[in-house]
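[1] Everything below, folded, please.
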Amino acid sequence: MSVMPQTSCANDGSDLGGLPLKLVSEVPLGGQPTRLDYESFDPERHLLYIAHLGDGEVIVFDTHAGRVIGRIPDVLNA
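    Numbers count the residues shown, from 1 in each chain. Next comes the predicted model:
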């Protein structure tokens, strides 16, 4: 018998699944909700690069501003 950990998605400051993760905000990224695969963070520039292979692009997210600041198109053909 296995026991699955309980997780909470409530924005109440509680830990998620026993990990020290907390929901800070939900931000719409645009595009189709498919294949958001890999992320890479540049801590010096506060940029999060998100591979959105469902749309064939990389989303550039500014973690200080809390918004998408750019898109790199056609990554499937590069």
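
[2] okay, CA-based contacts and neighbour counts for the rest of this
    Will do.

[3] Tell me which stretches of the protein form strands.
    For the chain, strands defined by DSSP state E occupy the ranges 36-42, 47-52, 57-62, 67-72.

[4] Mind listing the strands the least confident helix or strand in the chain by mean pLDDT pairs with, and their directions?
    Every helix and strand of the chain was ranked by mean pLDDT, DSSP states H and E. The lowest is strand 36-42, at a mean of 93. In the sheet, strand 36-42 lines up against strand 47-52 (antiparallel) (DSSP bridges).

[5] Which residue is the nearest non-sequential neighbour of residue 71?
    Nearest residue to residue 71, sequence neighbours excluded (C-alpha to C-alpha, 6 or more residues apart in numbering): residue 59, at 4.7 Å.

[6] go on, residue 70?
    Nearest non-adjacent residue to residue 70 (C-alpha to C-alpha, 6+ apart): residue 60, at 5.0 Å.

[7] wouldn't the one you found be in contact with residue 52 here?
    No - if you go by C-alpha atoms under 8 Å, residue 60 and residue 52 don't touch, sitting 10.3 Å apart.

[8] Settle it for me: which of these two has more neighbours?
    Neighbour count, other C-alpha atoms under 10 Å: between residue 60 and residue 52, residue 52 has more, with 24 against 21.

[9] Take the strands of the chain and lay them out in CSV including distance to residue 18.
    Converted to CSV, these look like this (distance: least, C-alpha to C-alpha, whole Å):
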stretch, distance to residue 18
strand 36-42, 22
strand 47-52, 25
strand 57-62, 27
strand 67-72, 28
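
[10] ok so, going back, the residue nearest to residue 70 and residue 42: what is the separation?
    11 Å (C-alpha to C-alpha, to the nearest Å).

[11] Same check on residue 18?
    Distance of residue 18 to residue 42, computed by C-alpha to C-alpha: 26 Å.

[12] OK, contacts around the closest residue to residue 40 other than its chain neighbours?
    With sequence-adjacent residues excluded and distances taken as C-alpha to C-alpha, 6+ apart, residue 40 is closest to residue 49, at 5.1 Å. Counting by C-alpha atoms under 8 Å, 6 or more residues apart in numbering, residue 49 makes contact with 39, 40, 41, 58, 59, 60, 61.
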